[in-house]
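1. what follows is a predicted structure for the sequence shown.
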Number of protein chains: 2
Amino acid sequence: YPLRAMEPETTEYTRQPCVVVRLRPKIANEAVLWLVKRIQDNKVDNGCQLDVDVTELNGAKVLYISASKYRLLHGAEAIGLKKEYKDGTLREFCFTDRANFKHQKDDDFLSESEQHQIVKVELDGLRAIDEKHIPSYENIKLYPGKSIFRRMVSNHLVTDNFPLHDRPTLHKLRWLWYKTLDLNLQQPLDHVRSYFGDSISIYFAFLNFYTLALVPLVVLGLLHWGLGLRSDIGGRVDDNWVLSVIHVLWAAAFLEMWKRKSTEYSYKWGTLVFIRKVWEEPRTGYRGPLGLNEVTQRQEPTYPSWKRNIRVYLITCPVVLLCVALAVCLMFYYFSWEIYLTSMYRHEPGIISSLIKNAPSIVYSILVLMGNSLYRKLAEFLTDQENHRLESTYQNHLITKILVFDFSNNFLALFYIAFIYDDMPMLRQTLRNLFLVHMIVSQAIESLLPYWQFKYRSSVYRSTLNRGNTGPTTHDQTCLELQRDTYEGTFDDYLELWLQFGYVVLFSCVYPPAAIFALINNIIEMKSDAFKICNVYRRPFVYQTTGIGTWKVAFQALSYLAVVSNLALVFHTPRFIEWIYKIFPDATTLSIFTAFVVLEHLLLGIRWLISYTVPAMPLWVKIETRKMQHYSLQALKRQRSRMLLPAQIVQKNLEVLAAISKPSTIKEEHELLVTD
Amino acid sequence: YPLRAMEPETTEYTRQPCVVVRLRPKIANEAVLWLVKRIQDNKVDNGCQLDVDVTELNGAKVLYISASKYRLLHGAEAIGLKKEYKDGTLREFCFTDRANFKHQKDDDFLSESEQHQIVKVELDGLRAIDEKHIPSYENIKLYPGKSIFRRMVSNHLVTDNFPLHDRPTLHKLRWLWYKTLDLNLQQPLDHVRSYFGDSISIYFAFLNFYTLALVPLVVLGLLHWGLGLRSDIGGRVDDNWVLSVIHVLWAAAFLEMWKRKSTEYSYKWGTLVFIRKVWEEPRTGYRGPLGLNEVTQRQEPTYPSWKRNIRVYLITCPVVLLCVALAVCLMFYYFSWEIYLTSMYRHEPGIISSLIKNAPSIVYSILVLMGNSLYRKLAEFLTDQENHRLESTYQNHLITKILVFDFSNNFLALFYIAFIYDDMPMLRQTLRNLFLVHMIVSQAIESLLPYWQFKYRSSVYRSTLNRGNTGPTTHDQTCLELQRDTYEGTFDDYLELWLQFGYVVLFSCVYPPAAIFALINNIIEMKSDAFKICNVYRRPFVYQTTGIGTWKVAFQALSYLAVVSNLALVFHTPRFIEWIYKIFPDATTLSIFTAFVVLEHLLLGIRWLISYTVPAMPLWVKIETRKMQHYSLQALKRQRSRMLLPAQIVQKNLEVLAAISKPSTIKEEHELLVTD
């Protein structure tokens, strides 16, 4: 399979980056030849126009896919990458206008992750023309417009597909990221983004921001404790209404500031105005009889939405509610046990008795964790059965299912103890145990387990990798990375932060040290997540995203709930009620309750007003985007005023203009009207 | 002032449409000449390239501004009008591609209102180049980039500016709109839109939709009454919880359905994806020392936002709160009077006693109405003092002020009577009086007053208008229309509907006939509003809008509040409480209250969930927009695949492509690549 020397610039560019495609062992040679030809074919012949190198590795064929710089620049335009223009603004890259983009001659004009993204989009966009099936595999059907690569993945003809790590860059990144102890807790986000792409770097940006935001909260908590306003840090709830106020305000401020910070990142990374340039394909698992897609007018599997709705409302909803009910039953069972043991050992001091007293909540915490992971599999199964057409809809339905269950599983017990069972010491104990067990177990599952795996696996291959000065061959590297797991995305990491945020803000006055533990945990988390993604998983493909998406809504929901729960806790404390009766001697329970309700609605309204009035865009971003907009409008106007010339020139211009399509990005004037 | 014969098509197009600009009497001739020259100048010379006819009318110079079809088509592209493409989709009009738009050869390809809009945008966009002041007026300063026309308006050199009515079309529209009695209550929206533009037709669309939506509500109400579930229509609250449920569900359903309907209109009228093609100018009243605009890099008045914030928070907020407080004081004063009179005449039946008993609430209603209109002037003054840069920000601040006050002025008394004073008969009486007085007085102010004005004024000019068969001359028509008032926009009409909606849904179970009266009122309103805009006011300029904007939020806020107030009313009825005690014998007041709060949060949550899950886009609109999107992407891809040709062709193509800027709307392939 020789490489074609196609474009003049090809020689400038070595065949890095490599995207690895491993095929099923013993795949028919005919199918391989066909696939390679289709990938190498010119775009006009409906190919990908990419370069392919075929080799064999442990009995399976492996394709190394690469591209010239020339090809990649065209691809960058196709997926709508934004790059720095000569005037310092970010613009969508345009091949014909490439001379005006900064650094475009440099080898790292396109970061490696961007190059991988371009190759991946091209591969997924490779479509069947008139092939009825994959050669030699008559049962693997194709139809015009079907993505060949996705079909091969879903039929396991393609078993693995990932970009190779760039060992020197990764080595540098490791030192920048987690191998040194950085006291100001800053992550090297630009490096992370250029290596791992937007979705991962925005997660680390959020983790970093959240961790830094915890610092003032911890300082305020310690100050409040240090000033003698409270006698013991784990103690009574009564005096802690100040802490409640601090936590609620903090949660609001944190989320509002993140909203603005996130816009800044989106602007800097060119995803602020992000227009999907690629038609969203049906997801790999989507199935159904072939039918006509009303939008594309092409054949694809169809599945009527009424069937999906029946599944969602008649199967999914009852099952999810049943799971929640089971979780609640478990909770009540735990309560009765807890109450029984507490009454048994109430008057026996000592370590053993305290251990026994804590046993139910520790066991419950572990059961909650196990229930979570079991339910996770169920949720995936249910969502898969719903047969959503798009990956994004699938993800939304999955996230909703998991959040509903995880919320009830983690927090319902706490609400019950606080407001129905009305036992503050028990609330504190349960909260502490749930929180700490959750933190310790998830750190263990997340970091230690993968680390041991990594140690074990790498010891086997270490010898082959470090021989000589030239570093490992691509072959060796591929062998090593095939041993690794595929990175599953940032879902679990966000979920963990979300639950932690809930533990910190929902019942803040009951267990103030939560913020301190969260801070410590997150400092470790930053390092361990960085370690994990560098060493344990295969390099992921990159997707462009704007902000943290659905998670923003989920965090905000908790911050609204925190207003309610904290206010309710304050109105629950005996001292507060005493104080009210002192000021309003003729207050009744009902009028206090009414005051609570009115105050709650007022606070929720203010909370909403804050998030409504604080603009998501910092002023400088606003001015920059307005500048771009204005620049476009001005150029458009200049062009149009030239089109309105006196009659004799108009006709001449019109002939030229007929060939020129309407520009969306604006060029210099001389480009717009050639004969001016 | 002769017309220039500039373009070949000029002769095809008579000088309709006429936009009238009346100048100050005795304005310096030099200034007039200069203005006319600037308006007539070619676009390349920074003029408007419009045709001007100058005449004199009652001692004041009047300019009639018109344009050729050729000129207007260019203008249509400049403001981004959407028109039907040959494939049936709506696309932004593009002059060079005009042959592919349907009906583009017809004279009514651009509706009259669109033509006026184009002329208006061009006039407002006429900018000073190096003029330091308006000729002969050294104190009326100009600076490079300042809108000449806006400066002349703000200095009263231009006293009037409006498009002339098109008498035959208006005559036809009158018959279609309000002169015939249409039993299915449909408005001729497409005709209204083509004559009066988007913002007015969307108001009538909303009024129409709302009125139709009231019909099932009235039917359900009558059914509930007819089925004997209730004994008298104005009677006790106790049994009316069914009505409460009906009203709350209706409010939610109505707003969700309007959300979808509104999207349909936006799609049909081409404003769904509406990109502002014209840089938003500072509003006419904006003032401050000259400074550099960071975005445009041009000189314009500047006003630091900290000064504005000080005004908003230290002057406006206290004044608004003071006004609200005054309104509340008035309310309490009315209460004491009401209670006094009720206790005086409690046992005296008869018409006079009942009149006296109703007197306070009628007087109060009238005072509320007067207070509203006084406060209105204050709000305008305050918002003007805040010196907002943009018209849109100004409008938002004004609307917020007025809604806050009108809400407290109209509804606070009702909440007080219902939940603090706890007197249901009084609530019903106040609600009825407030509602009916509000309806009758506003109909009188809105319809009868302008009608008499119209009768009086038109009688003077009627004789001149109807002479001969040729109809009135432009001169006569201008004279007549100068007598009319300028149309102030749809704000008051929306506000009236908003208050009415509040009266209908907030306390629905107390005064069920409200819906019936609202229905009758709105049927009259449809006709009288139509009459008003056709006969009483000057023809307004047209602005493109998407949906009803801020009003959607205002209506939705009321529908959320309705959930709370209706639930609270139900929990207030003695029978309901009795019923609860029957089922849960050991329920305490506190536990019932807790149940209320939990239920309220649950219902609000469900209400939010409904509006979150009901998609704003009906399926067919979604498919249509997706089709467009897909078509663009496909064409883009085809174009790009052609750019990736084998090496020998690439170089040749690149030379051609260098002159072609990146297209946003997609042309046929042969236009994209000339040498293919």
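-> Sure thing, it's come through. Numbers count the residues shown, from 1 in each chain, chains lettered A, B, ... in the order given.
2. tally of neighbours for whichever residue of the stretch 401-550 of chain A sits closest to chain B?
-> Minimum separation of the stretch 401-550 of chain A from chain B (C-beta to the nearest C-beta) falls at A:Phe419, amounting to 8.7 Å. Any C-beta I mention is one placed from the backbone N, CA and C, and that applies to glycine too. Neighbour count for A:Phe419, taken as other C-beta atoms under 10 Å in any protein chain shown: 15.
3. likewise for the one 10 residues further on?
-> Per other C-beta under 10 Å, the neighbour tally for A:Gln429 reads 21.
4. mind showing which ranges of the stretch 201-350 of chain A have poor pLDDT?
-> Within the stretch 201-350 of chain A, the stretches with pLDDT under 70 are A:227-239, A:273-280.
5. can you give me the helices in it?
-> A:241-268, A:305-310, A:317-344 (DSSP state H, counting those that start in this stretch).
6. quick one, which of these is nearest to B:Lys357?
-> Closest of the helices of the stretch 201-350 of chain A to B:Lys357 is helix A:241-268, at 48.4 Å (criterion: C-beta to C-beta).
7. how far off centre is that closest one?
-> 19 Å (C-alpha atoms, centre = their mean, to the nearest Å).
8. buried stuff in it?
-> A:241, A:243-244, A:246-248, A:250-256, A:258-259, A:261-263, A:265-267 (16 or more other C-beta atoms under 10 Å in any protein chain shown).
9. over to stretch A:190-205?
-> In stretch A:190-205, counting by 16+ other C-beta under 10 Å, buried: A:191-205.
10. same thing with stretch A:588-595?
-> Quick answer for stretch A:588-595 (16+ other C-beta under 10 Å): A:Ile592, A:Phe593, A:Thr594.
11. could you point out which element follows the host helix or strand of A:His74?
-> For A:His74, the enclosing helix or strand under DSSP states H and E is helix A:69-78. The helix or strand immediately downstream of helix A:69-78 is strand A:82-84, counting by DSSP H and E.
12. that following strand - what's its average pLDDT?
-> For strand A:82-84, mean pLDDT rounds to 85.
13. remind me what that strand packs against, helices and strands.
-> strand A:90-92 (3 or more C-beta pairs under 8 Å, 6 or more residues apart in numbering or on different chains; DSSP states H and E).
14. does the next helix or strand after the strand it packs on reach chain B?
-> Remark: after strand A:90-92, the chain's next helix or strand is helix A:112-124, criterion DSSP H and E. No: using C-beta under 8 Å from any C-beta of the partner chain, helix A:112-124 never reaches chain B; the gap is at least 10.6 Å.
15. give me the contacts around helix A:112-124.
-> By C-beta atoms under 8 Å, 6 or more residues apart in numbering or on different chains, the surrounding residues in contact with helix A:112-124 are A:16-17, A:19, A:21, A:39, A:48-50, A:65-67, A:72, A:75-76, A:78-79, A:81, A:110, A:147, A:149-150, A:161, A:163, A:166, A:169, A:193-197, A:278, A:281, A:539, A:541-544.
16. domains in chain A, as residue ranges please.
-> A:8-163, A:172-617, A:621-672 (automatic domain parsing).
17. could I get these as a markdown table with distance to B:Thr430?
-> Output for these, formatted as a markdown table (distance: least, C-beta to C-beta, whole Å):
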| stretch | distance to B:Thr430 |
| --- | --- |
| domain A:8-163 | 59 |
| domain A:172-617 | 22 |
| domain A:621-672 | 47 |
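18. tell me which of the ones you listed lies nearest to B:Tyr494.
-> domain A:172-617 (20.4 Å).
19. what about the strands in chain A?
-> All strands of chain A, identified by DSSP state E, fall at A:19-23, A:51-57, A:60-66, A:82-84, A:90-92, A:133-134, A:137-141, A:158-163, A:290-292, A:299-301.
20. contacts only, for A:Lys357.
-> Here A:Lys357 is in contact with A:Leu341, A:Thr342, A:Tyr345 (C-beta under 8 Å, 6+ apart).
21. just give the nearest non-adjacent residue to the residue in the stretch 201-350 of chain A that chain B sits nearest to, would you?
-> In the stretch 201-350 of chain A, the residue that lies nearest chain B is A:Val295 (4.4 Å; C-beta to the nearest C-beta). Among residues not flanking A:Val295 along the chain, B:Arg626 sits closest, at 4.4 Å (C-beta to C-beta, 6 or more residues apart in numbering or on different chains).
22. distance-wise, check the one you found relative to A:Phe204.
-> Remark: distance between B:Arg626 and A:Phe204 (C-beta to C-beta, to the nearest Å) = 34 Å.
23. neighbours around A:His171, how many?
-> 12.
24. the one 10 residues further on too?
-> The burial count assigned to A:Leu181 is 7, neighbours taken as other C-beta under 10 Å.
25. tilt between the lengthiest helix in chain A and helix A:317-344?
-> Taking DSSP state H as the criterion, chain A has its longest helix at helix A:351-386. Helix A:351-386 and helix A:317-344 are oriented at 180 degrees to each other (axes from the mean of the first three to the mean of the last three C-alpha atoms, to 10 degrees).
26. show me where chain A dips below the pLDDT cut-off.
-> Residue ranges of chain A with pLDDT under 70: A:1-17, A:182-184, A:227-239, A:273-280, A:458, A:460-472, A:629, A:632-676.
27. would you mind writing the CA trace of stretch A:529-537 as CSV?
-> Presented in CSV, the C-alpha positions along stretch A:529-537 are these (Å, rounded to 0.1, in the frame of the first residue of the first chain):
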residue,chain,number,x,y,z
ASP,A,529,-7.5,12.5,37.2
ALA,A,530,-4.5,14.0,35.3
PHE,A,531,-2.5,10.8,36.1
LYS,A,532,-5.4,8.6,35.0
ILE,A,533,-5.9,10.2,31.7
CYS,A,534,-2.2,10.3,30.8
ASN,A,535,-1.3,6.8,31.9
VAL,A,536,-4.2,4.5,32.2
TYR,A,537,-6.4,5.2,29.2
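28. quick one: contacts of that stretch?
-> By C-beta under 8 Å, 6+ apart, stretch A:529-537 touches A:170, A:173-174, A:177-178, A:187, A:196, A:200, A:204, A:207, A:446-447, A:450-451, A:453-454, A:458, A:484-487, A:493.
29. stretch A:207-218 too?
-> Counting by C-beta under 8 Å, 6+ apart, A:185-187, A:189, A:246-247, A:250, A:254, A:257-258, A:261, A:493, A:497, A:501, A:504, A:515-516, A:518-519, A:522-523, A:525-526, A:529 sit against stretch A:207-218.
30. 7 Å instead, please
-> Contacts of stretch A:207-218 with the rest of the structure, by C-beta atoms under 7 Å, 6 or more residues apart in numbering or on different chains, involve A:185-187, A:250, A:254, A:258, A:261, A:497, A:515-516, A:518-519, A:522-523, A:525-526.
31. out of the residues you listed, which are buried?
-> A:187, A:250, A:254, A:258, A:261, A:497, A:515-516, A:518-519, A:522, A:525-526.
32. against chain B, which of these make the cut? List them.
-> With C-beta under 7 Å from any C-beta of the partner chain as the criterion, the buried ones among the contacts of stretch A:207-218 include none near chain B.
33. now do the contacts for A:Leu403.
-> A:Ala554.
34. how many neighbours does the nearest residue to A:Phe415 once chain neighbours are set aside have?
-> Of all residues beyond its chain neighbours, the one nearest A:Phe415 is A:Ser565 (7.3 Å), with distances taken as C-beta to C-beta, 6+ apart. Residues lying near A:Ser565 (other C-beta under 10 Å) number 25.
35. repeat for A:Asp586
-> Neighbour tally, A:Asp586, other C-beta under 10 Å: 6.
36. what sits against it?
-> A:Asp586 neighbours (C-beta under 7 Å, 6+ apart): none.
37. for it, phi and psi?
-> Main-chain torsions, A:Asp586, degrees, to the nearest 10: phi -100, psi 20.
38. next one: A:Leu558 from A:Leu403, what distance?
-> In terms of C-beta to C-beta, A:Leu558 sits 10 Å off from A:Leu403.
39. overlap in contacts of the two?
-> Joint contacts of A:Leu558 and A:Leu403 (C-beta under 7 Å, 6+ apart) do not exist.
40. turn the strands of chain A into a markdown table, columns for distance to A:Arg308 and mean neighbour count.
-> Below are the strands of chain A laid out as a markdown table (distance: least, C-beta to C-beta, whole Å; neighbours: other C-beta atoms under 10 Å in any protein chain shown):
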| stretch | distance to A:Arg308 | mean neighbour count |
| --- | --- | --- |
| strand A:19-23 | 32 | 22 |
| strand A:51-57 | 39 | 15 |
| strand A:60-66 | 36 | 20 |
| strand A:82-84 | 36 | 18 |
| strand A:90-92 | 36 | 20 |
| strand A:133-134 | 28 | 19 |
| strand A:137-141 | 23 | 13 |
| strand A:158-163 | 28 | 20 |
| strand A:290-292 | 15 | 11 |
| strand A:299-301 | 13 | 16 |
